[in-house]
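# coords below, sequence missing:
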């Protein structure tokens, strides 16, 4: 999906919600299979979101069966939503080539999350596919983000700012996005100084406690430029039989709040 | 496998060779299946190495079939060699828990390579399993290592030195190793100042051009403390019918050189 189409979908739906399909096999409602759960969540939330983000860990842990469920989930989402393989991959060039092939060609994802630690040749493989995206970790939402991402270098810039600066030159705003956690919304303004035009994938709203209004306020640009992810707060809004209905309500609530900021 | 057993195996075989099973489906000898190729390589190299490191990208790109091949490959290796899932994973805690479960419980790997960018909670999940290991990327062998890993911080230390310092306190030399590329052998001395007792997994000998003698000279400690990986130079030593024989020769050559340094 190209940037124009993505922006058009956000404006049309007045939502930049991404639903994180972190489908925990241990948290499924009794008697329900993972694929059926995903389908019910997708049907319940389609109208309120523009993107889905399956988290690979939850599928890989089931082995070949999980791989099948992931593939069928991506097919079920279809092409009306932006799809993100939350895989956090990154390896030397000839290896990253294979990861890119897997997620773009085999599964048909629009994008993959990529860890930047190993530098340029670990990311470039994901920038060679027209209409596909690398979503690079910049400033994440977890507590460990303070271990290395925010280290100050001798030039006065923090490590995540180096990541933004350097890597934004490897691709462009049409094939690169950045992960910036909502739990650090005040830093979104700093991020925007370096990458005013790039889309940001913002996790951490919901279960992790980030503020949606702060994210919209500090992170939005004139093309919106945000995909705001919620996973657990939607998926497990209810653990009873009404889980899909509860997921729809939660997604609608977030979308309604986003609509206030989307002209 | 615990550190005592690993060291004993290295001394017994007088080799610290790790064979990287980066089995590229596009480079198999004509008519040979990936699993049969792996089995032939393993049989040919068993006596000359102490570890095997399948690179996940090459298996994932085949979808569920690749997952099966990986699982059967790990079973075929057995328990006489240290096994490394070269997966370079790393995510927030509840997600990393699932990656750890996959590689340790489902596949039975001894260790997983882990990307440190997201910090402590992205690594800790891999340190909770007795006898299992996290192998953290510190200074990698690729050109992109100079983008972020070697950035100098305001304390005068480089980012990879922060990674070594901080993360060595999360676990210990019995459950944590570090990836340090052979292409930067001169920096092994710097690494050893920070982590004198930890094992280092050293890629970059062979196809990537690193010097084995430099690695032994700068990297070994009194328990050897090294796993030196070669992948392509062994796997594709010949692309003809004699590929296994050629792999054995190449592995033996490396092991013979290592033996000079292993008392």
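Good, I have the coordinates. Note that the structure is predicted; figures quoted are calculated from it, not measured.

# what does stretch A:106-115 contact?
A:1, A:70-71, A:74-75, A:82-90, A:99-100, A:103-104, A:122-123, A:126, A:131-137, A:177, A:179, A:201, B:61, B:63, B:88, B:90, B:115, B:117-118 (Cβ atoms under 8 Å, 6 or more residues apart in numbering or on different chains). C-beta coordinates here come from the backbone N, C-alpha and C atoms, glycine included.

# Tell me the pLDDT of residue A:162.
With respect to pLDDT, residue A:162 has a value of 98.

# ok, now which ones touch it?
A:153, B:147, B:148, B:151.

# Between all of the residues you listed, which two are separated the most?
Pairwise distances among these were taken by Cβ to Cβ; the largest, 12.2 Å, belongs to A:153 and B:147.

# higher neighbour count, those two?
With neighbours defined as other Cβ atoms under 10 Å in any protein chain shown, residue A:153 and residue B:147 compare such that residue B:147 has more, 22 against 18.

# what bridges to the nearest residue to residue A:154 once chain neighbours are set aside?
Leaving aside its chain neighbours, residue A:154 sits nearest to residue B:152 (4.8 Å; criterion: Cβ to Cβ, 6 or more residues apart in numbering or on different chains). Counting by DSSP bridges, residue B:152 forms beta bridges with residue B:158.

# Residue B:152: neighbouring residues, count only.
13.

# Could you do residue A:260 as well?
So residue A:260, with other Cβ under 10 Å, has 10 neighbours.

# contacting residues around it?
Counted by Cβ under 8 Å, 6+ apart, residue A:260 has contacts residue A:216.

# How much space separates it from residue A:217?
11 Å (Cβ to Cβ, to the nearest Å).

# do residue A:44 as well
Relative to residue A:217, residue A:44 is positioned 28 Å away (Cβ to Cβ).

# out of these two, which sits in the busier spot?
Taking other Cβ under 10 Å, residue A:44 and residue A:217 do not tie; residue A:44 has more neighbours (22 against 13).

# isn't that one right up against residue A:250?
No: using Cβ atoms under 8 Å, residue A:44 makes no contact with residue A:250, being 9.5 Å away.

# in the stretch 101-250 of chain A, which spans are strands?
A:111-114, A:133-139, A:176-180, A:199-202, A:226-230 (DSSP state E, counting those that start in this stretch).

# Is the third one positioned near chain B?
Meaning strand A:176-180. No: if you take Cβ under 8 Å from any Cβ of the partner chain as the test, strand A:176-180 misses chain B, and the best it gets is 9.7 Å.

# can you give me the angle that strand makes with strand A:133-139?
30 degrees (axes from the mean of the first three to the mean of the last three Cα atoms, to 10 degrees).

# so who does residue A:72 touch?
Residue A:72 touches residue A:35, counting by Cβ under 8 Å, 6+ apart.

# let's go with 10 Å and repeat that
Contact analysis of residue A:72 by Cβ atoms under 10 Å, 6 or more residues apart in numbering or on different chains lists A:34, A:35, A:38, A:39.

# Surely residue A:86 forms part of a strand?
Yes: applying DSSP: H, G, I helix; E, B strand; the rest coil, one finds residue A:86 inside a strand.

# which residues does it contact?
By Cβ under 10 Å, 6+ apart, residue A:86 lies in contact with A:18, A:20-22, A:52-58, A:109, A:111-113, A:135, A:179, A:201, A:203, A:229, A:231, B:91, B:95.

# Count the residues that sit near residue A:193.
9.

# unless I'm mixing things up, residue A:88 is touching residue A:201, no?
No: assessed by Cβ atoms under 10 Å, residue A:88 is found out of contact with residue A:201, at 11.8 Å.

# quick revisit: would you list the strands of the stretch 101-250 of chain A in a markdown table and tack on mean pLDDT and mean neighbour count?
Compiled in a markdown table, the strands of the stretch 101-250 of chain A are given as follows (pLDDT from 0 to 100; neighbours: other Cβ atoms under 10 Å in any protein chain shown):
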| stretch | mean pLDDT | mean neighbour count |
| --- | --- | --- |
| strand A:111-114 | 98 | 28 |
| strand A:133-139 | 98 | 27 |
| strand A:176-180 | 98 | 26 |
| strand A:199-202 | 98 | 27 |
| strand A:226-230 | 97 | 28 |
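
# related to what we said a few turns ago, report the set of residues contacting both of residue A:44 and residue A:250.
By Cβ under 10 Å, 6+ apart, residue A:44 and residue A:250 have these common neighbours: A:19, A:234, A:237.

# out of those, which are inside helices?
If you go by DSSP state H, the shared contacts of residue A:44 and residue A:250 have residue A:234 in helices.

# Show me which of the shared contacts of residue A:44 and residue A:250 are buried.
A:19, A:234, A:237 (16 or more other Cβ atoms under 10 Å in any protein chain shown).

# Just send the residues you listed back as a markdown table, with distance to residue B:224 too.
What follows is those, written out as a markdown table (distance: Cβ to Cβ, whole Å):
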| residue | distance to residue B:224 |
| --- | --- |
| A:19 | 49 |
| A:234 | 50 |
| A:237 | 53 |
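
# Contact partners for the residue sitting furthest away from the middle of chain A?
The C-alpha centroid of chain A is most remote from residue A:154, which lies 31.2 Å away (Cα atoms, centre = their mean). Taking Cβ under 10 Å, 6+ apart, we find residue A:154 in contact with B:151, B:152, B:153, B:154, B:155, B:156.

# Poorly predicted segments of the stretch 1-150 of chain A, please.
Residues of the stretch 1-150 of chain A that meet the criterion pLDDT under 70 are absent altogether.

# mind redoing it with 90?
Applying pLDDT under 90 to the stretch 1-150 of chain A flags residues A:25, A:63-64, A:93-94, A:141.

# And the residue positioned nearest the centre of chain A, how far from chain B?
When Cα atoms, centre = their mean is applied to chain A, the residue found nearest the centroid is residue A:201 (4.9 Å). Distance, residue A:201 to chain B, by Cβ to the nearest Cβ, to the nearest Å: 14 Å.

# partner residues bridging that residue?
Note on residue A:201: beta-bridge partners by DSSP bridges are residue A:179, residue A:227.

# Do I have it right that it meets residue A:226?
Yes: look at residue A:201 against residue A:226 with Cβ under 10 Å: they come within range, at 8.1 Å.

# Now do the shared contacts for these two.
Common neighbours of residue A:201 and residue A:226 (criterion: Cβ under 10 Å, 6+ apart): A:18, A:177, A:180.

# mind putting those in CSV, distance to residue B:162 included?
Output for the shared contacts of residue A:201 and residue A:226, formatted as CSV (distance: Cβ to Cβ, whole Å):
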residue, distance to residue B:162
A:18, 32
A:177, 26
A:180, 21
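
# Closest to residue A:187 out of those?
Distances from residue A:187 to the shared contacts of residue A:201 and residue A:226, taken by Cβ to Cβ, are shortest for residue A:180, at 7.3 Å.

# any idea how far the closest one lies from residue A:135?
To residue A:135, residue A:180 is 11 Å away according to Cβ to Cβ.

# Overlap of the contact sets of these two?
In contact with both residue A:180 and residue A:135: A:198, A:200, A:201, using Cβ under 10 Å, 6+ apart.

# for stretch A:203-212, how far is the first residue from the last?
Terminal residues of stretch A:203-212 lie 10 Å apart, using Cα to Cα, to the nearest Å.
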